Each structure stands twice: as C-alpha cells, then as structure tokens.
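Enquirer: Show me how the following folds:
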Amino acid sequence: MRPTTRRVLAAAAGLALLATLPACADDAKQAAENVPGVTDGEIVVGTHQPLTGPAAPGYSKISAAVKAYFEHVNGKGGVHGRKIVYKVMDDGYNPANTENVVRKLVLDDKVFALLGGLGTPTHTTVLEFVKAQRVPDLFVASGSRNWNQPAKYPTTFGWQPDYTVEGKILASWVKREFPGATVCHFGQNDDFGRDSLAGVEQVLGPVAAKQTYTTTNQQVGPAIGALRAAGCQVVISASIPGFTALAMGQAAGQGFRAQWVVSNVGADYTTLAAQLGDKKVILEGMVADNYLPMVGDTTNPWIREYSRIHQRFNAGNPIDGNAVYGYSMAYTFVQALLAAGPEPTREKLVEAVRRGGFRGPGLTPFRYAEGVHAGYSGVRLSRVSGGAQTYFGPTYTTDDGGAAVTEFIEAPATPPADAVPTA
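Expert: This is a model prediction of the structure:
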C-alpha cells in the first residue's frame, strides 16, 4: 500500500471517529434525560403519608419535617446542583388509597424514587407494583421485615430498626428487670404486631397472653380487659400512637396496673401527651425505645441543628420525635443521593444504598449490605419521668435472627456544618 493511500485512509478513519463523538455525547445526554424525575435542576421524589385517618396523630408531621430539611438543603445549593422536590400524597393509612396514590406518583408524576412511604399494611400493598416499575423504594417508614427481602424486592429498603430486632431488645430488658413476671403482648393485627411478637417470644418464650387491635376499630376495651384478666404484670405493646393512648387510657380506666413497654413507633411522649390531655399522667413510668437523638436533649448537636432548621422551615408544627424522624431520614436520603453521583440513575441510587456505610444521627449502624436491606441495627431504652422522656442504660444491637442482644459502645457521629452531608 502506498504511503499516500495510508494517509488518506487514516484521515478518513479520523473523520469517522470525530463524527461519532457528537453522537455519543447526544446518547449520554439522552440517557440522562430519560431518567424519570431528574433534570439538570431538580430531582423529584414522592411519598404516601397518613395526613388523615387513624395514624395521622403524630405521623402526619413526619413529611413536613422531611420537606423542611429538603428546603434547607436546597437553600445550600441542593445535591450535585439539583434541588429536591418532594411530592406528598395522603393515603389516610388505607391500603386501597395507597395503591392509587403510589401509581399516580410513579406513572403520572414520574418520580425518581419513593421515600419514606409510611405504614406496614399500606406499603405492603404496593411492593409488587414498585418492583415491576423498578423504582427505588427507600427507607419505608415501618419496621416490617417485608422491606428486607432483596431477592424478592430488590429496590425496597427499610430504615428504622425492624420490629423483631426491637422486640428482642425490649424483651431482654424485661427478662432482666422483671424475672418471673407475667408478660403479655398487645399489638397491631398485621406484620407490625406479628414481627414484634416474634422477637419478644424469641427471648421470653410464649407470652402469657396476647391481644391485637385493628386500626379501623377503636374499641380496645375488650382486649385490655382480657390482658387484665390474664394477670399481666408487663405489657409489651406494638402500637401506633393513637392506639397506645387508647390502650393505656383503657387500662387506667379499668384499674389495670402494669408496666407498659412500648415500641418506638407509638411511644413519642409529645404526641401521646397531646392526645391524652390532662390524662397524660398515665404515661409516667412508660418504658420505650428509640435510635435517634431524643428531642428533649438540647445538648445534643443534632437536636440543636434540627431545631434551627425547624424554626426556619417548619415552625408551624411541634418539634417532637416524629419531626426528628423526618429530619434524620431526609439526611440519610441526601447521603444516598450524593453517593449516587452527579449523574444519578435509579440503578445507581439503589446500589449506593446497598453499599451502605452511612453515618448520621442514629445511635447504631445501619445493616445495609449485599443481601441485607434492613435499616438501623438496634435501639436504646427510654423512660417517661416527671413529664419528660429520657434515655437510660446502654444502646443495644442485634438482628432479626438468632444473634444475641449485645451492647453497642461506639459514640454517635457528630453533624457536619449546617447538618448537610458533603459525601
């Protein structure tokens, strides 16, 4: 081949390569534009929440805190230059409504991800739809073990400790503090109550009596009467706030004196006290658990940061445990978005959470790993005394299997500047 011919061929090849570069760039741009809910300037996420209905007391304030935190982050430049848009839809804690609003969020609003959908019975109904749509389904606001099924639901992740982990830790405390006592269980008639009972009975063996409630029937008197008749000295309760208040109010009205040990899900003192009014004295001595900074601890640096955010963006609502929950979950979501990179896709976001490694306001580590989509790994116990809810004793961790309940001694992380993660 002559040198001239080779030069002509090389030049032609170079021109062909140059011609493909704009096409590649266009393909990359098109791929980015095809990510639902993501533009150059914003990321749209959505959630279903009980703004009305039986779970509204307390829980309706969670999404307000999440939105406030995102407004705070947006004011600092957003995440990789994008503002977070948070679409909140009311499902009234009714599974039939949940299906409708989640379909609208995904199919009509084309959200990038679902964040913090609240409730065991509600969110369970949309798992198959979410899976089929391949939507990141992050940090479900419930401790059901349903969210920790990565082989079956690869895009769904829990966030709070699951109810079996919590049940094991509460039962371990009861076993140590009330040896030989008659221990009973009161729980919601779904996976919330069942998972809690599974953890309790893994430690204590069969409880002396167990009663359930449904969220559509507020008449808990017969169930409480049955626990009283069984001679229960300790009642471990897996209940949402409204039914914690109803159950403890019924117990007081029936002269049924027992030590109440309540899931963090239904034990926020500010919420319960507001519901009970002048009867809030019955909360004295209630033992519960938590895994986030306690709202009344004004020395905690996370509470100080959250209080500033709350005052600016959410002052119309009380700052209580539900608000702390919302701020903390939103913080973790921002960490996940950062980890997904400057050109996020749904797949990158799911992989970022799966890799885990997030540190934040929680007292214990997350369990996220390959094959594990469960959230926080433990809790610390609290007690109501003198109208205040405060922590006592060590923090504990375990799993939802056969692992022992062990003390966790590592100090929590401190917040970054303005409580906005940078990596």
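Enquirer: which one is the residue nearest the centre of the chain nearest to, not counting chain neighbours?
Expert: Central residue of the chain (C-alpha atoms, centre = their mean): Ala141, 3.6 Å from the mean position. What sits nearest to Ala141 in space, not counting adjacent residues and going by C-beta to C-beta, 6 or more residues apart in numbering, is Leu118, at 3.9 Å. For glycine as for every other residue, the C-beta is placed from the backbone atoms N, C-alpha and C.
Enquirer: The one you found against Ser144, yeah?
Expert: No. Using C-beta atoms under 8 Å, Leu118 is not in contact with Ser144; the gap is 11.5 Å.
Enquirer: And the pLDDT for the residue nearest to Ala141?
Expert: In this prediction, Leu118 carries a pLDDT score of 97.
Enquirer: For the stretch 301-423 of the chain, just list every one of the helices.
Expert: Secondary structure of the stretch 301-423 of the chain (DSSP state H, counting those that start in this stretch): helices at 301-313, 321-340, 346-355.
Enquirer: Skip the chain neighbours and tell me the closest residue to Asn97.
Expert: Distances taken as C-beta to C-beta, 6+ apart put Asp91 closest to Asn97, at 4.1 Å, once the chain neighbours are dropped.
Enquirer: which of the helices of the stretch 301-423 of the chain sits most buried?
Expert: Stretch with highest mean neighbour count among the helices of the stretch 301-423 of the chain: helix 321-340 (a mean of 25; mean count of other C-beta atoms under 10 Å).
Enquirer: That one - what's its average pLDDT?
Expert: The average pLDDT for helix 321-340 rounds to 98.
Enquirer: Can you name every helix or strand that that helix contacts?
Expert: Under the contact criterion of 3 or more C-beta pairs under 8 Å, 6 or more residues apart in numbering; DSSP states H and E, helix 321-340 touches helix 56-59, helix 62-75, strand 137-140, helix 269-276, helix 301-313, helix 346-355.
Enquirer: Would you tell me which of those gets closest to Val384?
Expert: helix 269-276 (5.6 Å; C-beta to C-beta).
Enquirer: and that closest one, what does it pack onto?
Expert: Checking 3+ C-beta pairs under 8 Å, 6+ apart, helix 269-276 ends up next to helix 56-59, helix 241-253, helix 321-340.
Enquirer: Give me the phi and psi for the spatially closest residue to Gln133 that is not a sequence neighbour.
Expert: Spatially, and ignoring its direct neighbours in sequence, Gln133 is nearest to Val106 (5.3 Å; C-beta to C-beta, 6+ apart). In terms of degrees, to the nearest 10, the main-chain angles of Val106 are phi -80, psi -50.
Enquirer: OK, contacts around Val106?
Expert: Residues near Val106 by C-beta atoms under 8 Å, 6 or more residues apart in numbering: Gly46, Leu114, Phe129, Val130, Gln133, Val135.
Enquirer: And the furthest pair within the residues you listed?
Expert: Farthest pair in those, by C-beta to C-beta: Gly46 and Phe129, 13.3 Å.
Enquirer: Quick check: neighbours shared by these two?
Expert: Val102, Val106.
Enquirer: Those two: which is more packed in?
Expert: Higher neighbour count among Gly46 and Phe129: Gly46, with 25 against 15, using other C-beta atoms under 10 Å.
Enquirer: what secondary structure does that one sit in?
Expert: strand (DSSP: H, G, I helix; E, B strand; the rest coil).
Enquirer: So that it lines up with my notes, have the first residue be 74 from now on.
Expert: Happy to do that; since the first residue is 74 now, the last one works out to Gly119.
Enquirer: That one and Tyr159, how far apart?
Expert: 7 Å (C-beta to C-beta, to the nearest Å).
Enquirer: residues shared between the contacts of these two?
Expert: The contact lists of Gly119 and Tyr159 share Leu188, where a contact means C-beta under 8 Å, 6+ apart.
Enquirer: before we move on, back to that, wait, the residue nearest to the centre of the chain touches Leu188, no?
Expert: No. Counting by C-beta under 8 Å, Ala214 stays clear of Leu188, with 9.2 Å between them.
Enquirer: shared neighbours, these two?
Expert: Here Ala214 and Leu188 have Met402 as joint contacts, going by C-beta under 8 Å, 6+ apart.
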